[in-house]
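J.: quick check, what structure comes out for this input:
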Amino acid sequence: MAEARRLLFLVNEALFFTTHRMPVALAARAAGLEVHVAAPFDATFVEIIRRNGFPYHPIPLKRGARSLFGEFRLILAFAALIRRLKPDLVHHVAMKPVVWGGLVSRLLRVPAAIHAVTGLGYVFIGEQLHFRLQQWLILRLYRFALHHRNSRAIFQNRDDLKVFLDRGLVEPARVVMIKGCGVDLKTFAPAPEPAGETVVMFPARILGDKGAREFVAAARQLKGEGISARFVMVGRTDADNPTDIGEAQVRDWQREGWIDWWGYSTDMPATLAKSTIICMPSYREGLPRGLIEAAAVGRAIVTTDVPGCREIVRHEVNGLLVPVRDAAATAAAIRRLVEDPALRRRLAATGRAIAEAEYSVEKFVRDTLAAYRAVLPAGVLP
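T.: Have a look, this model is predicted:
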């Protein structure tokens, strides 16, 4: 029997692999590939990876770090791992794995590569000179990494794809659009609104560029106007992200009575079922899984008219879009949904229909395996 072809995932976070890429890894293994996972060490989520039977490889990747020594060390670690494993296909996920892993995969002539561009990150939100310089450098690194001779680049939204095509960073023939990572529509089943008080929920990491401050400002405004609603933040802080709010600030908001903080949830279907309205006024996204999950359970959504968010939420169809960094507009949209249950129900029902049509995990797995087939030899995947 021929030796199985080897697939290596290079990802920026073990947690992210378990929540966003595990179904693809399981399907690839079932189709006959030998699947390995490389991510920064995190005991809880590495245990999940190993429990599912995947060989795990630690990498010295620190999200948000900008040390030249640290980046060079990461490049060397990628090179050593790829030389040792000799993968037939490397699936790079998120910015550093795509840029540095893609560079190494190209230089070491890995037979095939998949590059998952999951968003352009906080660097592409800033307008200051140092952000513009970083953008210039990062885009040039992307150009080199994405020009692997046998590769596909997966984009999650049309806005990011346009940036890359307009600047010649990727060849149009090597582009694949896969919107998000899909959700299990049986697990994230429609749930009736909870009885009692209205719960407005922010389901994301507590970051500035996720719109955490705007969410709290909207809560403060609406409570001051006498709106009877409970504002809840569900998510972890993230010290590795430069826009992290920090636990002390979140605790202060809670003590001041503007929000409740429920922390990180390991059971999002049950958590989302406790909400009435979902609000995430993010500054820019790849394609936020939290909003897909919210649509799947049948919730009206308030979010911003920015890349990624507007891919999921269509204004007046399954939610309301507001201008970015605009707490007053966010508050007005929330107020409208609080005061109009019929509108909420209409938007929620349409959101579920959109999730079923566009965002099932089965579709995500099917589309990703099709990208693999495009770069692997014929017959490797059934």
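
J.: for Met332, what are its contacts?
T.: To be clear, residue 332 is Ala; Met isn't right here. Contact analysis of Ala332 by CB atoms under 8 Å, 6 or more residues apart in numbering lists Val322. Just so you know, the C-beta spots here come from the backbone N, C-alpha and C atoms, and that holds for glycine as well.

J.: roughly how far is the helix or strand hosting it from the heart of the chain?
T.: Using DSSP states H and E, Ala332 sits in helix 327-339. Distance, stretch centre to chain centre, for helix 327-339: 25 Å (CA atoms, centre = their mean, to the nearest Å).

J.: separation between Pro87 and Val98?
T.: Using CB to CB, to the nearest Å, we find Pro87 at a distance of 16 Å from Val98.

J.: the stretch 51-200 of the chain: helices as residue ranges?
T.: For the stretch 51-200 of the chain, applying DSSP state H, counting those that start in this stretch gives helices covering 68-85, 95-96, 102-107, 129-146, 158-166.

J.: run the angle between the lowest-mean-pLDDT helix or strand in the chain and helix 158-166 for me.
T.: Least confident helix or strand of the chain, by mean pLDDT, DSSP states H and E, is helix 129-146 with a mean of 79. Angle, helix 129-146 to helix 158-166, by axes from the mean of the first three to the mean of the last three CA atoms, to 10 degrees: 70 degrees.

J.: low-confidence regions, the chain specifically.
T.: Counting by pLDDT under 70, the chain shows low-confidence ranges at 1-2, 63-66, 121-132.

J.: would you map out the domains in it?
T.: Per the record, the chain has its domains at 6-182+360-375, 198-358, by automatic domain parsing.

J.: export those to a markdown table and tack on distance to Ala189?
T.: Below are the domains of the chain laid out as a markdown table (distance: least, CB to CB, whole Å):
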| stretch | distance to Ala189 |
| --- | --- |
| domain 6-182+360-375 | 13 |
| domain 198-358 | 7 |
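
J.: what's the closest of these to Phe188?
T.: With CB to CB as the measure, domain 198-358 is the member of these nearest Phe188 (3.8 Å).

J.: need the distance between the two termini of that closest one.
T.: Start-to-end span of domain 198-358 (CA to CA, to the nearest Å) is 29 Å.

J.: so what's the gap between it and the chain middle?
T.: For domain 198-358, the distance to the chain centre is 15 Å (CA atoms, centre = their mean).

J.: so Arg220 versus Thr187, what's the distance?
T.: Applying CB to CB to Arg220 and Thr187 gives a distance of 34 Å.

J.: looking at those two, which is more packed in?
T.: Arg220 (18 against 13; other CB atoms under 10 Å).

J.: hmm, back to that, in the least confident helix or strand of the chain, what's buried?
T.: By 16 or more other CB atoms under 10 Å, the buried positions in helix 129-146 come out as Gln134, Gln135, Ile138, Leu139, Leu141, Tyr142, Ala145, Leu146.

J.: just checking, what packs against it?
T.: Contacts defined by 3 or more CB pairs under 8 Å, 6 or more residues apart in numbering; DSSP states H and E place helix 129-146 against helix 102-107, strand 112-117.

J.: starting at the chain centroid, how far to that helix?
T.: With CA atoms, centre = their mean, you get 20 Å for helix 129-146.

J.: number the chain from 458, please
T.: Noted, 458 is the first residue going forward, which turns the last one into helix 586-603.

J.: relative to strand 569-574, how tilted is that helix?
T.: Interaxial angle of helix 586-603 relative to strand 569-574 (the same axes, to 10 degrees): 160 degrees.

J.: hmm, Ser722 and Thr728 touching each other?
T.: Yes - with contact defined as CB atoms under 8 Å, Thr728 and Ser722 form a contacting pair (4.3 Å).

J.: the more surrounded of those two?
T.: Counted by other CB under 10 Å, Thr728 and Ser722 do not tie: Thr728 has more neighbours, with 18 against 15.

J.: thanks again, I'm all set now.
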